[in-house]
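Peer 1: Return a 3D structure for these sequence lines:
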Amino acid sequence: FIVSMMARFLSSRLSDTLIKAPFMLLLSLVTSCMPSKKLVLNTIKLQYFLLITNFSDTYKSSNSRCLYSYLHYWAILLNFAKELHYCQLTNCLLNMRKLLLSAIMLFLFVHAFCAQPSGSLPVIYINTDGGQDITSKDYYIAATYYVDANGVEGYENIGSAEAPLTLQIKGRGNYTWTSFDKKPYRLKLDAKASLLGMKKNKHFALLANADDDLGFLRNTVGFEVSRRLGLEYTPAQEPCELVLNGEYMGLYFLTEHIRVDSDRVNVTEQMDNETVAENITGGWLVEIDNYDEDAQVRITDGNGEIMRFTYKSPEILSQQQEEYLTNLVTSANEAIFQEDKTSKDWQNYIDIDELAKFYIVQEVTDNGESFHGSCYWHKERGENTKMMFGPVWDFGNSFRRGTDSFIYYSNFHQHWIGEIAKYPDFQE
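Peer 2: Down below sits the predicted model:
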């Protein structure tokens with residue numbers, strides 16, 4: 001019964017006051033069986049400690065639960081167990097002591113290290129329908145959410161536990177989705193909202209940045225460099241904490257999802273399955289990708305490497321759209337890899353100024369994977385419009401190499417940029 005109460009507490013995260021109830025019950029039970037005066041005195045001492053200790057005020061810091069109270073708590077329990085050992089008990093009662101002491105120690109250890117929101121950042125609470133696990137990157141599941149700003153300046157509460165709002169959620173990412181217990185998520189709100197002060201939209205990402213202890217700095221620095229260099233659009237992000245289906249998941253960055261939108265990638269939105277020749281010239285939002293996807297066109301670059309272009313907008317291509325995109329990137333590739341490095345042909349396809357800014361961001365942050373994957377470009381509608389590199393996105397491999405070599409000499413194959421760097425126009 002006592003172990004069951006502990007388990008129920010851990011799963012439902014009861015208040016501090018209720019921490020004491022199982023132990024009070026346990027001590028009363030054991031005391032009734034133990035006539036030893038010394039043992040009874042220690043039991044009373046422990047009960048008194050449990051009653052007067054105010055975990056919420058005295059032993060709780062502003063950011064996290066203080067472990068010292070638990071260590072003190074545990075020390076008294078161990079002393080209690082020692083006295084219990086010297087009592088004249090039956091074998092049955094000795095076994096009971098071992099079982100209960102093990103349960104107590106396990107309970108205290110788990111609870112002491114059980115992470116909870118810090119109180120210093122806004123918290124996003126998400127509950128999936130029926131408490132479903134999020135196991136797919138392809139299919140959304142329904143959920144509710146609310147945001148507790150925790151009184152942090154610049155943020156506002158959205159919804160509440162009693163009146164949550166609705167959204168859909170699924171997994172996102174490639175390596176970050178498969179390689180870490182702490183998962184990133186894609187959110188699609190049922191109604192536009194200004195989350196954490198960002199512009200109203202339905203589409204956001206919760207990035208876990210679980211790579212290592214510098215994970216939270218890489219994107220933050222890369223995004224800031226992008227903004228300062230004046231790229232057309234840089235995704236906004238805000239730090240927050242996530243509680244998913246009642247479980248505290250830790251620190252995340254709520255980030256604007258890259259998509260065609262007047263407040264994000266501001267190009268004409270092209271219809272899926274478009275066939276009109278003028279319309280299929282744009283707008284386009286495309287990612288140079290390092291994973292095989294269904295929504296891709298593929299070519300072989302001038303170095304003999306497969307180059308994957310995952311189209312984000314439009315999402316479903318007609319034959320005419322697929323042919324246009326394939327011809328566009330093939331022509332650009334041929335122009336880049338021609339022998340005459342004084343030629344300006346490649347600049348008919350790619351905007352050199354925007355590419356230069358995009359490249360500087362990647363070089364400053366030493367992003368060895370920048371032109372290998374998660375590399376976005378967009379193009380407005382029109383026969384004479386060019387591919388504009390950006391927005392920046394994934395800096396997961398920044399600040400890792402410990403070398404002063406250029407990023408196109410990294411261990412990842414960097415498409416196009418190493419060849420473009422040979423052109424004097426780009427060097428200047």
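
Peer 1: got any ranges where the stretch 101-250 of the chain has weak pLDDT?
Peer 2: Within the stretch 101-250 of the chain, the stretches with pLDDT under 70 are 101-114.

Peer 1: And stretch 400-411, how far out from the chain middle?
Peer 2: Centre-to-centre, stretch 400-411 and its host chain are 26 Å apart (Cα atoms, centre = their mean, to the nearest Å).

Peer 1: Kindly report the same for stretch 385-401.
Peer 2: For stretch 385-401, the distance to the chain centre is 18 Å (Cα atoms, centre = their mean).

Peer 1: same check, this time on stretch 231-245
Peer 2: 9 Å.

Peer 1: ends of it, how far apart?
Peer 2: 38 Å (Cα to Cα, to the nearest Å).

Peer 1: buried residues in it?
Peer 2: 231-244 (16 or more other Cβ atoms under 10 Å). Using the backbone N, CA and C atoms, a C-beta is placed for each residue, glycine as well.

Peer 1: contacting residues for the closest residue in space to Gln362 that isn't next to it in sequence?
Peer 2: Residue nearest to Gln362 in three dimensions, not counting chain neighbours: Ser370, with 3.6 Å by Cβ to Cβ, 6 or more residues apart in numbering. Each residue near Ser370 by Cβ atoms under 8 Å, 6 or more residues apart in numbering is listed here: Gln362, Ile407, Gln414, Ile417.

Peer 1: Need the per-residue pLDDT for the second one.
Peer 2: On the pLDDT scale, Ile407 is placed at 93.

Peer 1: go on, the first one?
Peer 2: pLDDT for Gln362: 97.

Peer 1: Now do the same for it: helix, strand or coil?
Peer 2: Here Gln362 is helix, with the state taken from DSSP: H, G, I helix; E, B strand; the rest coil.

Peer 1: so how many other residues sit close to it?
Peer 2: 25 (other Cβ atoms under 10 Å).

Peer 1: now the last one
Peer 2: When neighbours are defined as other Cβ under 10 Å, Ile417 has 22 of them.

Peer 1: isn't it right up against Tyr423?
Peer 2: No. Using Cβ atoms under 8 Å, Ile417 is not in contact with Tyr423, being 11.0 Å away.

Peer 1: list residues touching both of the two?
Peer 2: Counting by Cβ under 8 Å, 6+ apart, Ile417 and Tyr423 have no common neighbour.

Peer 1: ok, the residue nearest to Gln362 to Asp213 distance?
Peer 2: Distance, Ser370 to Asp213, by Cβ to Cβ, to the nearest Å: 22 Å.

Peer 1: Okay, and which of the contacts of Ser370 map to strands?
Peer 2: Per DSSP state E, strands hold no members of these.

Peer 1: among these, which are in helices?
Peer 2: Among the contacts of Ser370, the members found in helices (DSSP state H) are Gln362, Ile417.

Peer 1: where exactly do the strands run in this structure?
Peer 2: Under DSSP E, the chain gives strands at 123-128, 141-148, 165-171, 185-193, 201-207, 237-244, 247-256, 284-289, 296-300, 306-313, 375-379, 388-389.

Peer 1: Ser179: which of these is closest?
Peer 2: strand 165-171 (12.4 Å; Cβ to Cβ).

Peer 1: Packing partners of the closest one?
Peer 2: Counting contacts by 3 or more Cβ pairs under 8 Å, 6 or more residues apart in numbering; DSSP states H and E, strand 165-171 is packed against strand 123-128, strand 141-148, strand 185-193.

Peer 1: Pick out the most distant pair among the buried residues of stretch 231-245.
Peer 2: Glu232 and Val243, at 35.1 Å, using Cβ to Cβ across the buried residues of stretch 231-245.

Peer 1: separation between the residue nearest to Gln362 and Asn303?
Peer 2: Counting by Cβ to Cβ, the gap from Ser370 to Asn303 is 16 Å.

Peer 1: Gly222 and Ile124, how far apart?
Peer 2: For Gly222, the distance to Ile124 (Cβ to Cβ) stands at 23 Å.

Peer 1: Actually, Gly197.
Peer 2: Going from Gly197 to Ile124 by Cβ to Cβ gives 13 Å.

Peer 1: more neighbours, these two?
Peer 2: Under the criterion of other Cβ under 10 Å, the comparison of Gly197 against Ile124 puts Ile124 first, with 23 against 13.

Peer 1: can you tell me which residues contact the more buried one?
Peer 2: Tyr145, Tyr146, Val147, Leu195, Leu206, Cys240, Glu241, Leu242, Val243, Tyr252, Leu254 are the contacts of Ile124 under Cβ under 8 Å, 6+ apart.

Peer 1: one more time with 6 Å, if that's ok
Peer 2: Val147, Cys240, Leu242 (Cβ atoms under 6 Å, 6 or more residues apart in numbering).

Peer 1: Isn't the second one up against Pro122?
Peer 2: Which is Cys240. Yes. Between Cys240 and Pro122 a contact is recorded at 5.0 Å, counting by Cβ atoms under 6 Å.

Peer 1: thinking again about what came up before, looking at the contacts of Ile124, which is nearest Arg186?
Peer 2: Leu242 (13.4 Å).

Peer 1: Next one: that closest one from Ala205, what distance?
Peer 2: Counting by Cβ to Cβ - Leu242 and Ala205 are separated by 12 Å.
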